[in-house]
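Enquirer: this is the structure alone, sequence omitted:
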């Protein structure tokens with residue numbers, strides 16, 4: 001049922017107005033609201049101090065990460081995620097997880113919490129919202145890029161800025 005709801009929002013996205021000053025449509029906000037668990041902490045792109053002082057984990061697949069990622073992000077994947085990939089991270093560290101919009105990262109974040117990590121945040125809107133809010137992404141951590149992997153063409157409708165790669 002949730003998948004049907006998300007697909008319906010995707011198909012109707014172009015008919016929803018963009019909220020003035022926020023750069024995101026009502027459909028996108030509804031999608032995110034239906035995706036996120038209310039009990040899982042979110043961090044917003046404008047909360048730069050928290051993000052800059054956190055360990056940032058990219059939960060997308062390797063091919064998505066290679067196109068671009070947040071500066072300093074560590075790739076941990078989703079389909080191939082293994083808790084041993086974060087063994088070197090102290091359990092009391094502040095961690096920010098992200099993916100394209102936040103669904104996969106929330107699932108990885110829950111696994112982190114189940115394994116004793118206490119300060120885990122999901123980046124609101126994922127890399128799409130990050131880029132839509134004019135924040136930088138990088139290849140190989142030092143090369144700024146405008147490219148963003150869109151996961152697939154359907155999800156790419158939510159990326160309003162940058163060069164779409166799928």
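Expert: Structure received. For clarity, every value in this text was computed on a predicted model and none was experimentally measured.
Enquirer: residue ranges with poor pLDDT in the protein?
Expert: 1-24 (pLDDT under 70).
Enquirer: is residue 45 in a helix, a strand, or coil?
Expert: coil (DSSP: H, G, I helix; E, B strand; the rest coil).
Enquirer: spit out the contact partners of it.
Expert: Taking C-beta atoms under 8 Å, 6 or more residues apart in numbering, we find residue 45 in contact with 51, 123-125, 129-130, 133, 135. (Each C-beta comes from the backbone N, C-alpha and C, glycine too.)
Enquirer: which residues of this protein fall in helices?
Expert: 2-12, 26-35, 48-52, 62-67, 103-114, 126-132 (DSSP state H).
Enquirer: between these, which gets nearest to residue 154?
Expert: Residue 154 lies closest, by C-beta to C-beta, to one member of these: helix 2-12, at 5.5 Å.
Enquirer: can you tell me which of the contacts of residue 45 are buried?
Expert: Using 16 or more other C-beta atoms under 10 Å as the burial test, those include 51, 123-125, 129-130, 133, 135 as buried.
Enquirer: tell me the one of those residues nearest residue 111?
Expert: residue 123 (16.3 Å).
Enquirer: surely that closest one touches residue 105?
Expert: Yes. Assessed by C-beta atoms under 8 Å, residue 123 is found in contact with residue 105 at 6.8 Å.
Enquirer: turn the contacts of residue 45 into CSV, including distance to residue 80.
Expert: Below are the contacts of residue 45 laid out as CSV (distance: C-beta to C-beta, whole Å):
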residue, distance to residue 80
51, 25
123, 20
124, 25
125, 24
129, 25
130, 23
133, 29
135, 26
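Enquirer: which one of these is nearest residue 89?
Expert: residue 51 (15.9 Å).
Enquirer: ok, the closest residue to the closest one other than its chain neighbours - contacts?
Expert: Excluding its sequence neighbours, the residue lying closest to residue 51 (C-beta to C-beta, 6 or more residues apart in numbering) is residue 96, at 5.6 Å. Contact analysis of residue 96 by C-beta under 8 Å, 6+ apart lists 43, 50-51, 54-57, 120-123.
Enquirer: verify the stated contact: residue 78 with residue 59.
Expert: Yes. Taking C-beta under 8 Å as the definition, residue 78 is a contact partner of residue 59 at 5.0 Å.
Enquirer: and the two? Which one has more around it.
Expert: residue 59 (30 against 16; other C-beta atoms under 10 Å).
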